[in-house]
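dropping a prediction and its sequence here:
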Amino acid sequence: MTIGLIARTAGRLIVPFIFIFGFYIVTHGHLTPGGGFQGGAVIATGVALLLVCYYYRECMEKFIPVSSFKLVESAGLILFICTALAGLVVASGFLVNWLNATGGLFGHAVAYGVNPGDLYTAGIIPVLNFAIGIEVFGALSAVLLYMFAGLKETTQEEDDAPASTPALVKGKKGGRK
Amino acid sequence: MIANLPFIAVALLMGISLATILLKKNMIKMVMGLAMLEGAVNLFLVSLGYRENGIAPIFTNAPEGADMVLPTVQALTLTNIVIGVATTALMLVLVMVIYKKYGTVNSDKMRRLKE
Amino acid sequence: MKDPSFTMRPGFVMVLIVLITLILLLPALGLTFGAPAASMTDQYYLDNSQTETGANNVVSAVVFDYRGFDTLGEATVLFIAVLGVAMIFRRVHK
């Protein structure tokens, strides 16, 4: 079903902003409300907008195959497990916060109380947020694309053809024939 | 009794979802009833952890001198929402396969397993 | 369509649902809305999570640090759901 040129162009313009907003929610998960799951769902909304605007069989299936989303999802889960296993090697247990207060990448220390919020705190929590974010994004987009592949859609020639019932065909001055 | 309004709303939502699952014949409406039941359970979990005049449990630019709400039940609700999404997606895919094989989504008209 | 049995008639089902809803109204009588009963672990999480984990958001610290195994299980459940959907919609090549 066609959706019109204005909606298609506006949808294509808005999608980068949706991606940036979702990425902001994922990255600031340890400072503001949000985190991995919420941000991943917002990023998947951008893909859903693209699916609504364009025909699946003609435009999307060639450019964005489903296997790329499955790859992204598996990479997210593997990153989560590797970060947890690194705690077993470096510190004393599985899923131990081994980056907290060490002075490394995410290792500033925080004192108790109200503060404006520093991005480089909280140990492995931002890394886990990023892994869960790309996993949820890949999973929801893959489910959407598989469900669209099972539907029967009209092609673009059937939508652009003039109406075939004679009662609806109007004359040149706008009246019925 | 009127102060416990969230718990009364939870009981009503659960009753309506049970009525939808048991009395409707369309399979997609049964899936909708199950999703509403999961929403009622999430509402119950979140409203168990409320403190009077509490603020969100976040320390970034928090207002001074206020109690914070309990954070553990919010973590349980987050997990429950994601599991609900996974279950609903699988159920809808099974309804699509049933429609392809039987030609109908009415649960009275499909009786035997077809090849 | 053959006659439904006694347990599936609409009148009996509605009486049962009204009965279950009345039983589910019991928590509304027993609990109070603004004062949770036992909150010793939650008070520990609120007081000590900022120095132990370094995160300002206590819910993120609980989800990813204090109860990290639940998040691992939940990520696996989501992965298995997508696996099930992909298995149903595969193309069988002859």
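Right, received. Where do you want to start?

can you classify the nearest residue to A:Gly35 once chain neighbours are set aside by secondary structure?
Nearest non-adjacent residue to A:Gly35, counting by C-beta to C-beta, 6 or more residues apart in numbering or on different chains: A:Gly29, 3.6 Å away. C-beta here means a position set from N, CA and C on the backbone, and glycine is covered the same way. In three-state terms, and counting by DSSP: H, G, I helix; E, B strand; the rest coil, A:Gly29 is coil.

run a quick check on A:Gly29 versus A:Pro126, I expect a contact.
Yes: between A:Gly29 and A:Pro126 there is a contact under C-beta atoms under 8 Å: 6.9 Å.

the more surrounded of those two?
Neighbour tally, A:Gly29 and A:Pro126, criterion other C-beta atoms under 10 Å in any protein chain shown: the higher count belongs to A:Gly29, 29 against 26.

for A:Ser92, grab the count of nearby residues.
Around A:Ser92 sit 8 other residues, with neighbours defined as other C-beta under 10 Å.

just the pLDDT for it.
Confidence per residue is given as pLDDT, and for A:Ser92 that number is 83.

get me the contact residues on chain A for chain B.
For chain A, the residues in contact with chain B (C-beta under 8 Å from any C-beta of the partner chain) are A:31-33, A:35, A:37, A:113-117, A:136, A:140, A:143, A:146-147, A:150.

contacting residues around B:Pro63?
Counting by C-beta atoms under 8 Å, 6 or more residues apart in numbering or on different chains, B:Pro63 touches B:Ile55.

now the phi/psi pair for it, please.
Backbone torsions for B:Pro63, taken as degrees, to the nearest 10, come to phi -70, psi 150.

where's it relative to chain C, distance?
Using C-beta to the nearest C-beta, to the nearest Å, one obtains 14 Å as the distance from B:Pro63 to chain C.

now do that residue against B:Ala75, distance only.
Separation of B:Pro63 from B:Ala75 (C-beta to C-beta, to the nearest Å) stands at 23 Å.

again, but for A:Gly34
Remark: distance between A:Gly34 and B:Ala75 (C-beta to C-beta) = 14 Å.

and the residue nearest the centre of chain C?
The structure's chain C has its C-alpha centroid closest to C:Glu74; by C-alpha atoms, centre = their mean the separation is 11.4 Å.

what helix or strand is that residue located in?
In the assignment (DSSP states H and E), C:Glu74 maps to helix C:68-88.

so B:Asn53 belongs to a helix, correct?
No: B:Asn53: not assigned to a helix; according to three-state DSSP it is coil.

that one: neighbour count?
With neighbours defined by other C-beta under 10 Å, the count for B:Asn53 comes to 8.

surely it meets B:Met68?
No: B:Asn53 is not in contact with B:Met68 according to C-beta under 8 Å; the separation is 10.8 Å.

pLDDT below threshold where in chain B?
Per-residue confidence for chain B (pLDDT under 70) gives these ranges: B:113-115.

so where's the longest helix in it?
Using DSSP state H to define each element, chain B has its longest helix at helix B:72-102.

output the contacting helices and strands for that helix.
helix A:36-53, helix A:125-149, helix B:27-47, helix C:40-52, helix C:58-61, helix C:68-88 (3 or more C-beta pairs under 8 Å, 6 or more residues apart in numbering or on different chains; DSSP states H and E).

chain neighbours aside, what residue packs nearest to residue 86?
Chain wasn't specified; assuming chain A. Counting by C-beta to C-beta, 6+ apart, A:Trp98 is the residue found nearest to A:Ala86 once chain neighbours are left out, at 6.8 Å.

wait, chain B was what I had in mind.
Nearest to B:Ala86 is C:Ala81, by C-beta to C-beta, 6+ apart, at 3.5 Å.

and the one you found, what is it in contact with?
A:139, A:143, B:85-87, B:89-90.

switch the cut-off to 6 Å
Under the criterion of C-beta atoms under 6 Å, 6 or more residues apart in numbering or on different chains, the contact partners of C:Ala81 comprise B:86, B:89-90.

I'd like to know which of those residues are buried.
Of the members of these, the ones counted as buried by neighbours, 16 or more other C-beta atoms under 10 Å in any protein chain shown, are B:86, B:89-90.

and the residues you listed, which is closest to chain A?
Here the nearest of these to chain A, counting by C-beta to the nearest C-beta, is B:Ala89; it sits at 5.1 Å.

hang on, the closest one packs against A:Val143?
Yes: taking contacts as C-beta atoms under 6 Å, B:Ala89 lies within contact range of A:Val143: 5.1 Å.

what number of residues are in the vicinity of the residue in chain B that chain A sits nearest to?
Residue of chain B nearest chain A, by C-beta to the nearest C-beta: B:Thr60 (4.1 Å). Neighbour count of B:Thr60, defined by other C-beta under 10 Å: 17.

looks like it contacts A:Gly29 (just checking).
No: contact criterion C-beta under 6 Å: B:Thr60 and A:Gly29 do not qualify, at 11.8 Å.

shared neighbours of those two, anything?
When C-beta under 6 Å, 6+ apart defines a contact, no residue borders B:Thr60 and A:Gly29 alike.

list the buried residues for the helix or strand where A:Ile81 lies?
Using DSSP H and E, the element containing A:Ile81 is helix A:66-90. Across helix A:66-90, burial judged by 16+ other C-beta under 10 Å covers A:66, A:69-70, A:72-73, A:76-77, A:79-80, A:83-84, A:86-87.

could those go into a markdown table alongside distance to A:Ala122 and pLDDT?
As requested, these are exported to a markdown table (distance: C-beta to C-beta, whole Å; pLDDT from 0 to 100):
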| residue | distance to A:Ala122 | pLDDT |
| --- | --- | --- |
| A:Val66 | 34 | 84 |
| A:Phe69 | 29 | 91 |
| A:Lys70 | 30 | 91 |
| A:Val72 | 24 | 94 |
| A:Glu73 | 25 | 94 |
| A:Gly76 | 19 | 94 |
| A:Leu77 | 21 | 95 |
| A:Leu79 | 17 | 95 |
| A:Phe80 | 16 | 95 |
| A:Thr83 | 13 | 92 |
| A:Ala84 | 16 | 92 |
| A:Ala86 | 16 | 90 |
| A:Gly87 | 15 | 88 |
